[in-house]
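In: Structure here, sequence nowhere to be found:
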């Protein structure tokens, strides 16, 4: 079991800044996120779109903001548990015991929920009985591309994720890229590379087709796709990779006994603590009078929550507010001279 000062649920911008605000106070934390990379909505929904309301930053993309926040917290050497979901939270004296779906356990006096609008989960295939193939022949993400070598793979989707993996996996597997529309939403330069591979016979692209049926007992042997005119085609395949985007769900958070109204966690506006002592909610997932759904509002919220986290993690120490410009202790923690 890992004992830390705080458990941060959510690796979006506000969760990353929570690491910073805890770190400069000498507190250590772990970060848990259901996604496979840090950045939250900034990376999943608008990595290349400009953001104009970050103080002193006239313009940056979601990816640039994430990269800068990750750079800012490097000195604290925080452990990230990605592709992992918090399933259980239990009170244990003055601490909280957290268990994840990967059977990791953490004990801390503080939990900071920075989960945006909840956990992102892949939008699954709508055909019946696809569950029996999941993890064997149907996948919604690629965790280890070595497992996809020398296979017949059908990739469904028209966004960047589908295009990127079609390009990458075509280096060592037979790829059929299938999209329900004529036009792709992914980056033009990636699409041009795929078109070149199609011309060279290294990849097959099928547009205006959707999955109609799956054949195979324990694992998939072939699939039937159908276009808008009713034409069907049968394709031999070992694996389906489905990239139809993400759906946002509150998930297990709804079962933790927190005060929730319209999928938002109610907090006070003093330190953003919930109705449970030691559990804080910050960012888009929290609500209080006057709440604004802005990244900079989340930064403000987590700065105040971190003060209360210090008091709970160090009950025998008096909290002393310090400026980063003049505090030797903070500069030492940041590795600055």
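Out: All right, it came through fine. Everything quoted here is computed from the prediction, not taken from an experiment.
In: now the stretch 1-150 of the chain, which segments are flagged as low pLDDT?
Out: Segments of the stretch 1-150 of the chain classed as low confidence (criterion: pLDDT under 70) are 117-120.
In: biggest helix in the chain, by residue count?
Out: Of all the elements of type helix in the chain, the one with the most residues (DSSP state H) is helix 295-313.
In: what element comes up after that helix heading to the C-terminus?
Out: Tracing the chain C-terminally past helix 295-313 and defining elements by DSSP states H and E, one meets helix 328-333 next.
In: Burial check on residue 101, number of neighbours?
Out: Using other CB atoms under 10 Å, residue 101 is surrounded by 13 other residues. C-beta: built from backbone N, CA, C; applies to glycine.
In: ok so, going back, buried ones in the longest helix of the chain?
Out: Across helix 295-313, burial judged by 16 or more other CB atoms under 10 Å covers 295, 297-299, 301-302, 304-306, 308-310, 312-313.
In: pretty sure residue 228 is touching residue 208, no?
Out: Yes. A contact is recorded between residue 228 and residue 208 when judged using CB atoms under 8 Å, the distance being 5.5 Å.
In: Would you mind measuring from the residue nearest the centre of the chain to residue 11?
Out: Among the residues of the chain, the one closest to the centroid is residue 35, at 3.0 Å (CA atoms, centre = their mean). For residue 35, the distance to residue 11 under the criterion CB to CB, to the nearest Å works out to 7 Å.
In: shared neighbours of those two, anything?
Out: With contacts taken as CB atoms under 8 Å, 6 or more residues apart in numbering, residue 35 and residue 11 have residue 82 as neighbours in common.
In: Pop the domain breakdown of this protein in here.
Out: Residue ranges for the domains of the chain, per automatic domain parsing: 2-121+247-333, 124-244.
In: Comparing these, which comes out most buried?
Out: By mean neighbour count, with neighbours taken as mean count of other CB atoms under 10 Å, domain 2-121+247-333 ranks first of the domains of the chain at a mean of 18.
In: still on that earlier bit, got the contact list for the residue nearest to the centre of the chain?
Out: The neighbourhood of residue 35, defined by CB under 8 Å, 6+ apart, consists of 11, 43-44, 82-83, 120.
In: go on, residue 154?
Out: By CB under 8 Å, 6+ apart, the residues touching residue 154 are 176, 178, 223, 235, 237, 239-241.
In: show me where the stretch 151-300 of the chain has helices.
Out: Secondary structure of the stretch 151-300 of the chain (DSSP state H, counting those that start in this stretch): helices located at 160-169, 188-199, 295-313.
In: so which of those comes closest to residue 50?
Out: Minimum separation from residue 50 across the helices of the stretch 151-300 of the chain (CB to CB) falls at helix 295-313, 13.1 Å.
In: Now the closest one: average pLDDT?
Out: Rounded to a whole number, the mean pLDDT of helix 295-313 is 98.
In: Who are the packing partners of that helix?
Out: For helix 295-313, the elements it packs on are helix 13-23, strand 110-113, strand 279-281, judged by 3 or more CB pairs under 8 Å, 6 or more residues apart in numbering; DSSP states H and E.
In: Out of these, the one nearest residue 267 is which?
Out: Proximity of the helices and strands packed on helix 295-313 to residue 267 was assessed by CB to CB; the nearest stretch is strand 279-281, lying at 5.1 Å.
In: Show me what the mean pLDDT comes to for the closest one.
Out: The average of the pLDDT scores along strand 279-281 is 97.
In: quick check, distance from that strand to the centre of its chain.
Out: Using CA atoms, centre = their mean, to the nearest Å, the mean C-alpha position of strand 279-281 is found 19 Å from that of the whole chain.
In: Who are the contact partners of residue 337?
Out: For residue 337, the contacting residues are residue 331, by CB under 8 Å, 6+ apart.
In: From residue 325, how far out is it?
Out: With CB to CB as the criterion, residue 337 and residue 325 are 14 Å apart.
In: got it, and residue 21?
Out: Plainly put, residue 21 is 16 Å away from residue 325 if you go by CB to CB.
In: got it, and residue 110?
Out: Using CB to CB, residue 110 is found at 26 Å from residue 325.
In: what's the answer for residue 155, then?
Out: If you measure residue 155 against residue 325 using CB to CB, the figure is 51 Å.
In: now residue 319
Out: For residue 319, the distance to residue 325 under the criterion CB to CB works out to 19 Å.
In: any idea which of the buried residues of helix 295-313 is closest to residue 271?
Out: Taking CB to CB as the measure, residue 271 sits nearest to residue 308 out of these, at 4.0 Å.
In: List phi and psi for the closest residue to that closest one other than its chain neighbours.
Out: Once its chain neighbours are removed from consideration, residue 308 has its nearest residue in residue 271; the separation is 4.0 Å (CB to CB, 6 or more residues apart in numbering). The main-chain torsion angles of residue 271 are listed as degrees, to the nearest 10 and equal phi -140, psi 10.
In: Okay then, goodbye and thanks.
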